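**Student:** model this:
(2 chains)
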Amino acid sequence: NAGVTQTPKFQVLKTGQSMTLQCAQDMNHEYMSWYRQDPGMGLRLIHYSVGAGITDQGEVPNGYNVSRSTTEDFPLRLLSAAPSQTSVYFCASSYSRAGGGYTFGSGTRLTVV
Amino acid sequence: DAKTTQPNSMESNEEEPVHLPCNHSTISGTDYIHWYRQLPSQGPEYVIHGLTSNVNNRMASLAIAEDRKSSTLILHRATLRDAAVYYCILRGQGGSEKLVFGKGTKLTVNP
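**Tutor:** Coordinates of the predicted model:
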């Protein structure tokens, strides 16, 4: 049981480049979310999904796109990377019931130069 | 989203109990109280959750006030490995099940 797997673990991008952060879970969780965490700060919700084909915006969605074509995968796309998107990105998943806890991935550390 | 209020930081000594408070005066009747922690350089980790009754698991205990407007995470014997930022979060039902983090409480454990 791998839990929540994020790839890559580290990435350096040039300003203006695009890329996709991958997130996969093998627990058949309906809910998946993406967060970013800037140095010394708390986590901020970017986008979330309550099931395949359904996504919604979180607190800081600008500059990011998501899609959820399968239950297992929830990729996060950076359309045109900016230095302000330098951060650590965490993916998380959960069962749909509110009493269930979220499982987090180990994160992707992204630097935009 | 319903808000929670936690102290910015707390200190404890190793092997002593730690009580981490959280206020959530605007909690709705269907909101679950969740606690997560984040160790340095790691992703958040689920600790415990509850609705109305006190809850225990292998990591911690959760004491919920009768009016549900506050709760306390209890670490029975703090270890150095418990040094982390602890987040108290309300997770609702019926469309508001997303998890929104606040600033949390940074717990320092002294040897």
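
**Student:** Show me how far stretch B:72-81 is from its chain's centre.
**Tutor:** Put simply, stretch B:72-81 sits 11 Å off its chain's centre (Cα atoms, centre = their mean, to the nearest Å).

**Student:** buried residues in it?
**Tutor:** B:72-73, B:75, B:78 (16 or more other Cβ atoms under 10 Å in any protein chain shown). Bear in mind the C-beta positions are built from the backbone N, C-alpha and C, glycine included.

**Student:** and those residues, which of them are in strands?
**Tutor:** Counting by DSSP state E, the buried residues of stretch B:72-81 place B:72-73, B:75 in strands.

**Student:** Dump these into TSV; add distance to A:Ser94 and pLDDT as well.
**Tutor:** Below are those laid out as TSV (distance: Cβ to Cβ, whole Å; pLDDT from 0 to 100):
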residue	distance to A:Ser94	pLDDT
B:Thr72	24	98
B:Leu73	19	98
B:Leu75	23	97
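
**Student:** from the buried residues of stretch B:72-81, which is closest to A:Leu78?
**Tutor:** The closest of these to A:Leu78 turns out to be B:Leu73 (Cβ to Cβ; 35.2 Å).

**Student:** now the closest one: how far from chain A?
**Tutor:** Distance, B:Leu73 to chain A, using Cβ to the nearest Cβ, to the nearest Å: 14 Å.

**Student:** ok, that residue to A:Thr103 distance?
**Tutor:** 19 Å (Cβ to Cβ, to the nearest Å).

**Student:** Kindly report the same for B:Ala65.
**Tutor:** Taken as Cβ to Cβ, the span from B:Ala65 to A:Thr103 is 28 Å.

**Student:** Pick out whichever of those two has more residues nearby.
**Tutor:** Looking at B:Ala65 and A:Thr103 with other Cβ atoms under 10 Å in any protein chain shown, you find the greater number of neighbours at A:Thr103, namely 19 against 13.

**Student:** so does the helix or strand harbouring B:Glu11 get close to chain A?
**Tutor:** Following DSSP states H and E, one finds B:Glu11 within strand B:9-13. No: Strand B:9-13 stays clear of chain A (Cβ under 8 Å from any Cβ of the partner chain), getting no nearer than 13.0 Å.

**Student:** Next secondary structure after that strand?
**Tutor:** Proceeding N to C from strand B:9-13, the next assigned helix or strand is strand B:18-23, under DSSP H and E.

**Student:** which parts of chain B sit against chain A?
**Tutor:** B:30-32, B:34, B:36, B:42-46, B:49, B:51, B:85, B:87, B:91-93, B:97-104.

**Student:** Name the nearest residue to B:Asn57, sequence neighbours excluded.
**Tutor:** Distances taken as Cβ to Cβ, 6 or more residues apart in numbering or on different chains place B:Ile48 nearest to B:Asn57, at 5.5 Å, with adjacent residues excluded.

**Student:** host element of the one you found?
**Tutor:** According to DSSP H and E, B:Ile48 maps onto strand B:45-50.

**Student:** go on, B:Val85?
**Tutor:** In this assignment (DSSP H and E), B:Val85 forms part of strand B:84-91.

**Student:** How about residues contacting that strand?
**Tutor:** The contact list for strand B:84-91 (Cβ atoms under 8 Å, 6 or more residues apart in numbering or on different chains) reads A:42, A:98-99, B:1-4, B:6, B:20, B:22, B:24, B:27, B:31-40, B:44, B:47, B:49, B:71, B:73, B:97-102, B:104-107.
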